[in-house]
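S.K.: Coordinates for the following, if possible.
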Amino acid sequence: MKALRGLLLFIVALPLAGCQSVLMSPSGDLARQQRDLIITSTVLMLLIIVPVIALTLLFAWHFRASNKKATYDPDWDHSTILELLIWSAPLLIIIALGAITWVSTHKLDPYRPLDQLAPGRPIPANARPLTVYVVALDWKWLFIYPEQGIATVNELAAPVDRPINFKITASTVMNSFFIPALAGQIYAMPGMETTLQAVINHPGEFEGFSANYSGLGFSGMRFVFHGMNEGDFGRWVERAKGGGGDLSREVYVKLAQPSRYEPVHTYATVAPGLYQAILTQCVDPASRACMSNTHPAGDTRAGDMDGMSMSSRTD
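M.R.: The predicted structure is shown next:
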């Protein structure tokens, strides 16, 4: 079984040689399920592609001009058996792909709470998700931890095997939040909130970035995601509290100004209600763009525009 799985991984990796290998060896359960979906879909399509290519080459070789043994039948025009094979095989593949897509689209919905930490490991009844507010700025990432009361720029951390609930928005233009080792990408849009449920299963440092072009400093919108055990995560939080400043509304306004290749820094405290103010574009309540002046409180969900985790609510 392991040998067969390794062979399938090799076959799938060949056409994906230009992609990052982390997509084929993820460290989060959601990304692993997405990887398996890629492999399954590719193998199903190869069931048609490989025989068609092989038969094309075989027919061209067999019916070459120099092969006098090949039967030449210029009046042949129909074969029921061939018609059944030609149409039934692709139809069965399409039905299988459609069923897999339907099931996985719902199962991998980024708004859907996780039902397992890893294969065979359900979510413990007392598990408390780690909430992280994600704000895409020009051109950097702001992460706010409401439970811990801290914020970071271009650095993210979470405990291993603890569900993470990301709440994602943007300050000015649309971006895309993507940690390949963790889960599929999901959009960050100004005035709207998208959600991503995920879990990291292995400690380490993983790359995160924006997967949607957003202007001059787009290439610098990269950050490190640290997967840590609970003790290391607690110490990381304490370091942020000990070495950071205060993220007041005034500080946020300055931070939100366009800048390129922003260094990592932390904030020991966060102004109450800051994320909601960013989400509703009301950091300055007098601003004409302040959504709370025109929309009911909380009416900020992005609906069907949230992007997909693989099939397209993540891509």
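S.K.: Can you give me the neighbour number for the nearest residue to residue 246 once chain neighbours are set aside?
M.R.: Nearest non-adjacent residue to residue 246, counting by Cβ to Cβ, 6 or more residues apart in numbering: residue 269, 4.8 Å away. For the C-beta atoms, the positions are set from N, CA and C on the backbone; glycine is no exception. Neighbours of residue 269 under the rule other Cβ atoms under 10 Å: 14.
S.K.: cool, and residue 242?
M.R.: Residue 242 has 9 nearby residues by other Cβ under 10 Å.
S.K.: so it makes contact with residue 269?
M.R.: No: with contact defined as Cβ atoms under 8 Å, residue 242 does not count as touching residue 269 (11.8 Å).
S.K.: for residue 61, helix, strand, or coil?
M.R.: Under DSSP: H, G, I helix; E, B strand; the rest coil, the three-state class of residue 61 is helix.
S.K.: ok, it to residue 269 distance?
M.R.: The spacing between residue 61 and residue 269, counted by Cβ to Cβ, to the nearest Å, is 74 Å.
S.K.: try residue 87
M.R.: 66 Å.
S.K.: Helices of the chain, start to end?
M.R.: 2-13, 29-62, 80-107, 230-243, 249-255, 274-279 (DSSP state H).
S.K.: from the chain's centre, how far out does the last one sit?
M.R.: If I follow you right, that is helix 274-279. 23 Å (Cα atoms, centre = their mean, to the nearest Å).
S.K.: Could you measure from the residue located most distally from the centre of the chain over to residue 62?
M.R.: In the chain, residue 68 marks the outermost C-alpha relative to the chain mean, sitting 56.8 Å out by Cα atoms, centre = their mean. As judged by Cβ to Cβ, residue 68 and residue 62 stand 12 Å apart.
S.K.: so who does residue 180 touch?
M.R.: 20, 22, 23, 26, 31, 206, 207 (Cβ atoms under 8 Å, 6 or more residues apart in numbering).
S.K.: 10 Å - rerun?
M.R.: 19-24, 26-28, 31, 34-35, 206-209, 211, 225 (Cβ atoms under 10 Å, 6 or more residues apart in numbering).
S.K.: Tell me which of those fall in strands.
M.R.: 206, 207, 208, 209, 225 (DSSP state E).
S.K.: Buried only: go through those for me.
M.R.: Among the ones in strands among the contacts of residue 180, those classed as buried by 16 or more other Cβ atoms under 10 Å are 206, 208, 209, 225.
S.K.: Now tabulate those residues in TSV and tack on pLDDT and distance to residue 159.
M.R.: Listed next are these as TSV, based on pLDDT from 0 to 100; distance: Cβ to Cβ, whole Å:
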residue	pLDDT	distance to residue 159
206	96	14
208	96	17
209	95	22
225	97	12
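S.K.: And residue 260, its phi and psi?
M.R.: Backbone torsions of residue 260, given as degrees, to the nearest 10, read phi -110, psi 140.
S.K.: Grab the nearest non-local neighbour of it.
M.R.: Using Cβ to Cβ, 6+ apart, the closest residue to residue 260 is residue 217 (3.9 Å).
S.K.: doesn't residue 154 make contact with the one you found?
M.R.: No: the pair residue 217 and residue 154 does not pass the contact test of Cβ atoms under 10 Å, sitting 11.9 Å apart.
S.K.: Looking at the two, which one has more neighbours?
M.R.: The residue with more neighbours, out of residue 217 and residue 154, is residue 154; 20 against 17, by other Cβ under 10 Å.
S.K.: so what's the more buried one up against?
M.R.: Applying Cβ under 10 Å, 6+ apart, the residues near residue 154 are 137, 140-143, 208, 220-224, 261-265.
S.K.: With residue 67 instead?
M.R.: Applying Cβ under 10 Å, 6+ apart, the residues near residue 67 are residue 61.
S.K.: Now do it against residue 76, distance only.
M.R.: Counting by Cβ to Cβ, the gap from residue 67 to residue 76 is 17 Å.
S.K.: next one: residue 241
M.R.: 81 Å.
S.K.: and the two? which has more neighbours close in?
M.R.: residue 241 (15 against 8).
S.K.: from what I can see that one touches residue 268, true?
M.R.: Yes: assessed by Cβ under 10 Å, residue 241 is found in contact with residue 268 at 4.6 Å.
S.K.: shared neighbours of the two, which are they?
M.R.: Shared contacts of residue 241 and residue 268, counting by Cβ under 10 Å, 6+ apart, come down to 149, 150.
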